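Chemist: Give me a model of this one.
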Amino acid sequence: MSKPKVLVLFPIFNGEKTMRDSLDCIAGQDYADFRAVIVDNRSTDGTAEIARAYCQKDPRFEVLTQERHLSAVENFIFCMEYGQAHSDYFCLRACDDLSSQNYLTQLVDALEQNPDKLLAAPTVRRISADGERVLHPDPAVFGYPQSLAAGTVPRGLTYPAEWCYGLVRAKGGAEILIRRWREYPHAWCVASYVVAEFVMRDLAIWVEDAEFVFMMGSGSFEKYGAKTFFDKFRQRLNYTLGCYRVTAKLPPIPLRTRINLFRRLWRDSRAKTRYDLEDHALRAIGLRK
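Modeler: Numbers count the residues shown, from 1 in each chain. Predicted structure coming up:
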């Protein structure tokens, strides 16, 4: 496959129920210069057959099959490294994700017009059994380094974790994405953790008119979330420390601001991970039901 400007990568395992709609969504984009790679993680359902059939009808798509089944994190990293090596810009997409028809056009334009940015991030629409919600970032996250250098800690790192499915600049952005994904040892909340560095270093640009549609209900919190008090504490601490270490890449920050920032990041980790340690402890000793 010739090197395209944009590469869309689908890390898929057993996605036969939803993947056609997701593939159709990319095939119907109004942006022309893209290629899509379906990375089949040794699926045991009809994923491979669907992928091959799709590639036959649309030559912009191809399928790669892993030699062995990888963990979800490993398969995602494989896709990031592939995108880094084979494109100018790339994005990841799960087998049930959708987006607006102008998704690639808007995100490519944002990175073309802002060469200092490494991630073009969309507006996110989360859909669940209870309805849907449109998520916008808190304006306080923009200009984060300048705020800290001036002695002000922004209210919080409030952005959708789904920004990890935005468009990444292969040169520079892929390195951050891959490094952050590898260094965080927990499957739960890794997407939010990865995006934090882009936001804290002011390397992300929000593209309001591009919409990413995320289908909730996969049970990832129940599957990957920590169960014990110790594990919850450890994951929150790792999340906080990993975000705080980004300050080494920022302009000098006053000591008092650093202290306040660490406290803010610790509070943020509660919202991002959904681990309420006080609630866990009170329930464990029977003081709260």
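Chemist: got a list of what Q146 touches?
Modeler: For Q146, the contacting residues are D202, by C-beta atoms under 8 Å, 6 or more residues apart in numbering. C-beta here means a position set from N, CA and C on the backbone, and glycine is covered the same way.
Chemist: what do you get for S220?
Modeler: Per C-beta under 8 Å, 6+ apart, neighbours of S220: A187, W188.
Chemist: low-scoring pLDDT stretches of this protein, where are they?
Modeler: 1-2, 218, 282, 287 (pLDDT under 70).
Chemist: what do you get if the cut-off is 80, keeping everything else the same?
Modeler: 1-3, 217-220, 279, 281-289 (pLDDT under 80).
Chemist: can you map out the helices along it?
Modeler: 19-27, 47-57, 72-86, 103-113, 144-149, 173-183, 190-200, 220-224, 229-244, 255-273, 277-284 (DSSP state H).
Chemist: right, and these - which one's nearest V37?
Modeler: When the helices of the chain are compared by C-beta to C-beta, helix 72-86 sits nearest V37, at 6.8 Å.
Chemist: for the closest one, which positions count as buried?
Modeler: By neighbour count with 16 or more other C-beta atoms under 10 Å, helix 72-86 contains the buried residues 72-80, 82-84, 86.
Chemist: That helix - contacts with which helices or strands?
Modeler: Other helices and strands packing on helix 72-86, by 3 or more C-beta pairs under 8 Å, 6 or more residues apart in numbering; DSSP states H and E, are strand 6-12, strand 34-40, strand 89-92, helix 173-183.
Chemist: chain center to it: distance?
Modeler: Put simply, helix 72-86 sits 13 Å off its chain's centre (C-alpha atoms, centre = their mean, to the nearest Å).
Chemist: for stretch 252-263, same thing?
Modeler: On C-alpha atoms, centre = their mean, the centre of stretch 252-263 falls 27 Å from the chain's centre.
Chemist: ok, the residue nearest to A226 when sequence neighbours are not counted - contacts?
Modeler: Counting by C-beta to C-beta, 6 or more residues apart in numbering, A226 lies nearest to K232, which is 4.5 Å off, once chain neighbours are set aside. When contacts are counted by C-beta under 8 Å, 6+ apart, K232 touches A226, T273, Y275, L277, H280.
Chemist: residue closest to the middle of the chain?
Modeler: C164 (2.0 Å; C-alpha atoms, centre = their mean).
Chemist: Any figure for the gap between it and A36?
Modeler: Look at C164 and A36: by C-beta to C-beta, to the nearest Å, they are 18 Å apart.
Chemist: With P185 instead?
Modeler: Distance, P185 to A36, using C-beta to C-beta: 30 Å.
Chemist: For these two, indicate the residue with more neighbours.
Modeler: Comparing P185 with A36 by neighbour count (other C-beta atoms under 10 Å), the higher total belongs to A36, at 22 against 11.
Chemist: Is it correct that the more buried one is in contact with V63?
Modeler: No. A36 is not in contact with V63 according to C-beta atoms under 8 Å; the separation is 9.6 Å.
Chemist: Buried only: go through the contacts of K232 for me.
Modeler: A226, T273, Y275, H280.
Chemist: Let's have the residues you listed in a markdown table, adding distance to F10.
Modeler: What follows is the buried ones among the contacts of K232, written out as a markdown table (distance: C-beta to C-beta, whole Å):
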| residue | distance to F10 |
| --- | --- |
| A226 | 29 |
| T273 | 27 |
| Y275 | 30 |
| H280 | 36 |
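Chemist: Closest one to P252 out of the residues you listed, please.
Modeler: Among the buried ones among the contacts of K232, and counting by C-beta to C-beta, the member closest to P252 is T273, at 29.5 Å.
Chemist: Spit out the contact partners of the closest one.
Modeler: W188, C189, G225, A226, K232, Q235, R236, Y239.
Chemist: give me phi/psi at the fourth one?
Modeler: Spelled out, that is A226. A226 adopts backbone torsions of phi -70, psi 150, taken as degrees, to the nearest 10.
Chemist: Contact partners for it?
Modeler: Shown in contact with A226 (C-beta under 8 Å, 6+ apart): H186, W188, K232, R234, Q235, T273, Y275.
Chemist: rewinding a little: let me have the helices and strands packed on helix 72-86 in JSON lines, extended by distance to A120.
Modeler: JSON lines is the format used below for the helices and strands packed on helix 72-86 (distance: least, C-beta to C-beta, whole Å):
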{"stretch": "strand 6-12", "distance to A120": "11"}
{"stretch": "strand 34-40", "distance to A120": "14"}
{"stretch": "strand 89-92", "distance to A120": "8"}
{"stretch": "helix 173-183", "distance to A120": "9"}
